[in-house]
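# return atomic coordinates for the entry below.
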Amino acid sequence: MIKKNLILSFFSASAKIVGGIGVVSILARVFTLSDFGNFTYSLTLGTVFALIVDYGYNIKVIKDVSLNPDNIDNIVSKTTANKILLFLFTVIAYFVANTLLKNSHELIITGLFLFLSLVVFSFTNTILSVFKGRKEYTRDLKVVLADNLATIVIVPLVAFMTKSIETTSISFFLSKLIGLIYALRIYTKENQINFPSFKELLIDLQKALPYAVHYWVGNLYLNIDTIIMKPVVSSEDLGIYQSGIRIIIGLGILLTVINSVYLPLLNENLNNNKKLFKAHVLQLNANVIRLSIIFIFGMIIFSKLIIIILFGNKFLALQEIFWILALIVGMRIIGASYGILLTISDKQSLRAIAGALGIVLIVVCDLIFIPMYGYQMAAYTLLFAHFFITAFYIATVYLEYKTLFIPSWKRLINIKNVI
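Next up is the predicted model:
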């Protein structure tokens, strides 16, 4: 069953990568380096505000559904209603922030539609989280394929025809609406969305707050440096740096394979079968260690080839910091396992503390060193922050379980234990 779920989740994640890195790769060739920098900056700004709307519910809903499969309508209804309330607040904050940042009209419109696109996908993701919590990975795959097929067909076509970052952002929004409509069509065949009381919504927001804080800090440190460096580096340099960040974010989608399969599984094992729980954690860690090694060495050895294939020759300056990106990807893969263990142990607050400290580190170092040394210093700072957060996760898991769950060498090299 684990093998089947992993395979289905892998295909789902692969579709997201194609719809993510694939689209960005095409846009990198269609737009000038300056326009690409402005587009990815707008995408980053939109992402920051969309994180508020999402509120960490993508993690909470999976856990809640896996524990309460008969209460799905209530879970989804409260999640949906709270996301609408959060959106109304956040859209106002978006325009206030753009005024303070003194962004141009082009950047404001582009960022707005990219923000709306990510909000729409957040609602889609609520339904996907239900499918994952119920271990219905075939349904999850269908929606993901529809969503990303619409994105990879519509967005590059509009970008190629118009060469406009504003129009392209609008097409991105429309493509995400297609995915949401399809997800709702599947969900509403067996379930319905109700209107919870305001008191219920407030209680649910309070319960979700630890997940929200973790989710915000867990994603903000991949975006905050771009906002900081926008006033002090050229749009071209911003585009080069963002191309590297898009690789990290794109490959991070693979972590959803690990989360979607092992989070509900380990959550169930922890409550019912401690022996099986330990066996599955050791299996998980063996897999993430192998995967991290493959990505680190693969990205370092084939760095130039990867950059040319994904973005083209005008992005070859990225090769200077590509080894740093490889190490970051490796640490994120290993950290995913220990992050799951903290989540099922209700230690979300500790994950949030680690992320918050990492963000403080990034902000302080970036404000000091980026004006002096350029975007390259942002990569070094991001690497150090990931090292700190990963070490914090591992130490906290050890304090909680009195073990690091390190698999034996025999298990690591035994290819029969890959899944």
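# next, count neighbours for the nearest residue to residue 255 once chain neighbours are set aside.
Distances taken as CB to CB, 6 or more residues apart in numbering place residue 336 nearest to residue 255, at 4.5 Å, with adjacent residues excluded. The C-beta positions use only the backbone N, C-alpha and C, and glycine is treated the same way. By other CB atoms under 10 Å, the residues close to residue 336 number 24.
# and whichever strand or helix holds residue 336, average pLDDT?
For residue 336, the host element (DSSP states H and E) is helix 322-344. For helix 322-344, mean pLDDT is 91.
# for that helix, packing partners?
The elements that helix 322-344 packs onto, with contact taken as 3 or more CB pairs under 8 Å, 6 or more residues apart in numbering; DSSP states H and E, are helix 57-67, helix 235-252, helix 255-272, helix 274-301, helix 303-310, helix 348-373, helix 375-401.
# for the helix or strand encompassing residue 113, name the packing helices and strands.
Assigned by DSSP H and E, residue 113 falls within helix 105-133. Here helix 105-133 touches helix 33-54, helix 57-67, helix 72-101, helix 137-162, helix 165-187, helix 255-272, going by 3+ CB pairs under 8 Å, 6+ apart.
# which one of those helices lies closest to residue 117?
Residue 117 sits nearest to helix 165-187 of all the helices and strands packed on helix 105-133, at 4.4 Å, using CB to CB.
# quick check: next helix or strand after that closest one?
Sequence order places helix 198-220 as the next helix or strand after helix 165-187, per DSSP H and E.
# quick revisit: so can I have CSV of the helices and strands packed on helix 105-133 showing mean pLDDT?
Converted to CSV, the helices and strands packed on helix 105-133 look like this (pLDDT from 0 to 100):
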stretch, mean pLDDT
helix 33-54, 94
helix 57-67, 84
helix 72-101, 94
helix 137-162, 91
helix 165-187, 95
helix 255-272, 76
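# want to throw those into a markdown table with mean neighbour count?
Compiled in a markdown table, those are given as follows (neighbours: other CB atoms under 10 Å):
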| stretch | mean neighbour count |
| --- | --- |
| helix 33-54 | 23 |
| helix 57-67 | 22 |
| helix 72-101 | 16 |
| helix 137-162 | 20 |
| helix 165-187 | 21 |
| helix 255-272 | 20 |
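# I'd like these laid out as a markdown table, including distance to residue 289.
Supplementary listing: the helices and strands packed on helix 105-133 in a markdown table, determined by distance: least, CB to CB, whole Å:
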| stretch | distance to residue 289 |
| --- | --- |
| helix 33-54 | 29 |
| helix 57-67 | 23 |
| helix 72-101 | 34 |
| helix 137-162 | 24 |
| helix 165-187 | 34 |
| helix 255-272 | 12 |
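# any idea which of the ones you listed gets closest to residue 292?
Among those, the nearest to residue 292 by CB to CB is helix 255-272 (11.1 Å).
# which neighbouring elements make contact with that closest one?
helix 2-17, helix 57-67, helix 105-133, helix 274-301, helix 322-344.
# quick one: the last one to helix 348-373, angle?
By that I understand helix 322-344. Relative orientation of helix 322-344 versus helix 348-373 (axes from the mean of the first three to the mean of the last three CA atoms, to 10 degrees): 160 degrees.
# flag the shaky bits of the stretch 251-400 of the chain, pLDDT-wise.
Regions of the stretch 251-400 of the chain meeting the criterion pLDDT under 70 cover residues 260, 348.
# try it again with 90
Residues of the stretch 251-400 of the chain meeting the criterion pLDDT under 90: 251-288, 290-291, 335-356, 358, 400.
# what sits against residue 289?
Contacts for residue 289 were tallied using CB atoms under 8 Å, 6 or more residues apart in numbering; they are 334, 407, 412.
# again, only using 10 Å
Contacts for residue 289 were tallied using CB atoms under 10 Å, 6 or more residues apart in numbering; they are 330, 333, 334, 337, 406, 407, 411, 412.
# now do the first one against residue 189, distance only.
Taking CB to CB, to the nearest Å as the criterion, residue 330 is separated from residue 189 by 41 Å.
# and the last one, by the same measure?
Residue 412 is 44 Å from residue 189, where distance means CB to CB.
# between those two, who's got more neighbours?
residue 412 (16 against 8).
# contact partners of the helix or strand hosting that one?
Secondary structure from DSSP H and E places residue 412 in helix 409-413. Contact with helix 409-413 is made by 282, 283, 285, 286, 287, 289, 290, 293, 406, 417, as judged by CB under 10 Å, 6+ apart.
# show me just the buried residues among these.
Buried residues within the contacts of helix 409-413, counting neighbours by 16 or more other CB atoms under 10 Å: 282, 283, 285, 286, 287, 289, 290.
# could those be laid out in TSV, adding distance to residue 358?
Formatted as TSV, those follow (distance: CB to CB, whole Å):
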residue	distance to residue 358
282	27
283	28
285	22
286	27
287	25
289	22
290	26
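# among those residues, which one sits closest to residue 149?
Nearest to residue 149 among these, with distances taken as CB to CB, is residue 287, at 28.5 Å.
# now do the closest one against residue 351, distance only.
Going from residue 287 to residue 351 by CB to CB gives 21 Å.
# quick one, phi/psi of residue 234?
Torsion angles at residue 234 (phi, psi; degrees, to the nearest 10) stand at phi -70, psi 160.
# contact partners for it?
By CB under 10 Å, 6+ apart, the contact set of residue 234 is 33, 34, 37, 240, 374, 375.
# quick one: contacts for the residue nearest to residue 86 when sequence neighbours are not counted?
Nearest residue to residue 86, sequence neighbours excluded (CB to CB, 6+ apart): residue 53, at 4.8 Å. For residue 53, the contact set (CB under 10 Å, 6+ apart) comprises 82-91, 115, 118-120, 122-123.
# what about 7 Å?
83, 86, 87, 90, 119, 122 (CB atoms under 7 Å, 6 or more residues apart in numbering).
# I'd say the second one and residue 55 touch.
So that's residue 86. Yes. Under the criterion of CB atoms under 7 Å, residue 86 makes contact with residue 55 at 5.9 Å.
# buried residues of stretch 391-399, list them for me.
Neighbour counts over stretch 391-399 (16+ other CB under 10 Å) mark 392, 393, 394, 396, 397 as buried.
# what's the burial count for the residue nearest to the third one when sequence neighbours are not counted?
Spelled out, it's residue 394. Excluding the flanking residues, the one nearest residue 394 by CB to CB, 6+ apart is residue 338, at 5.5 Å. Neighbourhood size, residue 338 [other CB under 10 Å]: 27.
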